[in-house]
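structure for the following, please:
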Amino acid sequence: MGFTTDDMPDQRGCTMLVTGANTGIGFEAAKALAGKGARVLLGCRDADRGKAAMAQIATAVPDADLDLVLLDQADLASVRAAADRIADEPRLDVLLNNAGVMIPPLSRTAQKFELQFGVNHLGTFALTALLLPKLAETAGARVVVTSSLAHRRGEILWSDWNAEQNYSPNRYYSQSKLANLMFALELDRRLRAVSSPVSAIACHPGVALTELMRHLPKWTQPLMPLVRPLFNPVAAAAWPALQAATDRAAQGGEYFGPQGRWEMRGQSGPAFVQDHTRDVQAARRLWDLSIQATGIDPGLPAS
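Numbers count the residues shown, from 1 in each chain. So this is what the prediction gives:
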């Protein structure tokens, strides 16, 4: 048996930030956390969509404690502003990094980073770094980083990580998801080395039909009714993130995902980490690249 929302402990008294919370997995995670009594901060880049999501959650959870945080991970200025806003909260127990983009045409962030690496990894890196001092105020606080099955085929394209020379949507998506998992594991190593009260835990949702799929080629659309039974329902796709955020038995450095065939769907539990993801030297190199790109240093020495 694996982890589902039925296994979530009571979260009253806890404050949790969920990024990309107005739709898909982020929305389902925010709703589930609110249902367990947490104060949930919905990190959204569009105020109207964020408010609409809050209204939906409030309908399902009438006593929900919700607030909106404007956050666009495609702009580091927005990331800094969101971190400043969250610093005013009395506490922060969990940062659930969920926001992301998947296989768009070549696009750039406000700082001219390739969109997938910029949003999925660099935005997550920057937000996490800026919020670590706030998280460290609460014993047992957690950083959750969402990776993907795509990390298995990913590689960090050191000579062209920013797609200045070539671009493949799938290749750069896989790079960003590998970076997510490498970052989570390296972050936890560094947190442990300084005896931080914060831990880092990773997860992946399996394969779920969410708004991330909107950039799939049009030729795939007729196939959707055939493959839909293989997909993880969106509410179930949130279970790994919820396990990483709330399971009292979860430990820093763990990675959770669906337990069904090929980890595509099902209840949550331990997930497979591709061997190259555990390359410590590559993780340190990625860490340094991320500091250089964002100008934001988490202030954690290599373990």
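
next secondary structure after the least confident helix or strand in the chain by mean pLDDT?
None of the helices or strands of the chain scores lower by mean pLDDT, DSSP states H and E than helix 224-227, at a mean of 49. On the C-terminal side of helix 224-227, the closest following helix or strand by DSSP states H and E is helix 234-237.

by contact count, what packs against that next one?
With contacts taken as 3 or more Cβ pairs under 8 Å, 6 or more residues apart in numbering; DSSP states H and E, helix 234-237 sits against helix 24-35. C-beta coordinates here come from the backbone N, C-alpha and C atoms, glycine included.

buried sites along the longest helix seen in the chain?
The longest helix of the chain (DSSP state H) is helix 169-193. Buried residues in helix 169-193, counted by 16 or more other Cβ atoms under 10 Å: 169, 171-191.

now stretch 59-66
61, 64, 66.

contacts only, for the last one.
Applying Cβ atoms under 8 Å, 6 or more residues apart in numbering to Leu66 gives the contacts 30, 34, 39-42, 54, 57-58.

show me where the chain has helices.
Using DSSP H, helices in the chain cover 24-35, 47-60, 76-86, 115-116, 124-135, 169-193, 224-227, 234-237, 239-246, 280-294.

so Leu33 sits right up against Arg12, yeah?
No. With contact defined as Cβ atoms under 8 Å, Leu33 does not count as touching Arg12 (10.9 Å).

give me the below-cutoff pLDDT ranges for the stretch 201-303 of the chain.
Along the stretch 201-303 of the chain, segments meeting pLDDT under 70 span 210-230.

try 80 this time
The model of the stretch 201-303 of the chain has pLDDT under 80 over residues 209-231.

measure the closest residue to Gln111 other than its chain neighbours to Leu115 for me?
Using Cβ to Cβ, 6 or more residues apart in numbering and skipping residues adjacent in sequence, the residue nearest Gln111 is Leu76, 5.6 Å away. With distances taken as Cβ to Cβ, to the nearest Å, Leu76 is found 13 Å from Leu115.

what residues are shared contacts of these two?
With Cβ under 8 Å, 6+ apart as the test, Leu76 and Leu115 both reach Thr109.

setting aside sequence neighbours, what's the nearest residue to Glu137?
Distance criterion Cβ to Cβ, 6+ apart; nearest residue to Glu137, sequence neighbours excluded, is Arg91 at 6.5 Å.
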